[in-house]
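A.B. asks: build me a model from this:
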Amino acid sequence: MSATGKPAADARALARDHTQAAIDALVSVVNDTDASPSARTSAAEALLNRGWGRSASVTHQNMQDDFADILADAAAIRAARGHTGEHDDGRPAAADRGVGGKAAAVRH
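C.D. replies: Residues are numbered from 1 along each chain as shown. Below you'll find the model as predicted:
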């Protein structure tokens, strides 16, 4: 990155170019009755949080909450792309281990 921060700004601009596609993917997950309830809920939360902000009842934020949100957003994106999070033999994929367990417990 240059001292002016130009590459970061360029990356932000490129990412913003895909805002509509990202929103469409989240809406698709919310409406997909074949998606897991957790993926649908995560996608709905992502849409509501981006559209309306987080609820006023959330008074503090910590790194565990941030990480759980990132995992939930990643799960919604994987679901939108049709990834099941499993290998052909049913074993969980490496990137998905623990997402439903500890991360879910941290969130709630």
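A.B. asks: all helices of this structure, in order?
C.D. replies: 6-16, 19-31, 37-52, 63-80, 102-107 (DSSP state H).
A.B. asks: pull the CA atoms of the first one into PDB?
C.D. replies: What it means is helix 6-16. The C-alpha trace of helix 6-16 is given here as PDB (Å, rounded to 0.1, in the frame of the first residue of the first chain):
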ATOM      1  CA  LYS A   6      -4.700   4.600  -2.600                       C
ATOM      2  CA  PRO A   7      -4.800   0.800  -3.000                       C
ATOM      3  CA  ALA A   8      -7.100   0.500   0.000                       C
ATOM      4  CA  ALA A   9      -9.400   3.100  -1.500                       C
ATOM      5  CA  ASP A  10      -9.300   1.300  -4.800                       C
ATOM      6  CA  ALA A  11     -10.200  -2.000  -3.100                       C
ATOM      7  CA  ARG A  12     -13.100  -0.300  -1.300                       C
ATOM      8  CA  ALA A  13     -14.400   1.100  -4.500                       C
ATOM      9  CA  LEU A  14     -14.200  -2.300  -6.200                       C
ATOM     10  CA  ALA A  15     -16.000  -3.900  -3.300                       C
ATOM     11  CA  ARG A  16     -18.700  -1.300  -3.400                       C
END
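A.B. asks: quick one: mean pLDDT over that helix.
C.D. replies: Average pLDDT, helix 6-16: 83.
A.B. asks: that helix packs against which elements?
C.D. replies: Packed against helix 6-16 by the contact rule (3 or more CB pairs under 8 Å, 6 or more residues apart in numbering; DSSP states H and E) you find no helix or strand. Every residue, glycine included, has its C-beta placed from N, CA and C.
A.B. asks: give the buried residues for it.
C.D. replies: Buried residues in helix 6-16, counted by 16 or more other CB atoms under 10 Å: none are found.
A.B. asks: now the angle between helix 19-31 and that helix, please.
C.D. replies: 50 degrees (axes from the mean of the first three to the mean of the last three CA atoms, to 10 degrees).
A.B. asks: mind starting the numbering at 685 from now?
C.D. replies: Sounds good: first residue 685 from here, last item helix 690-700.
A.B. asks: which stretches of this structure have low pLDDT?
C.D. replies: Residues of the chain meeting the criterion pLDDT under 70: 685-690, 740-749, 767-792.
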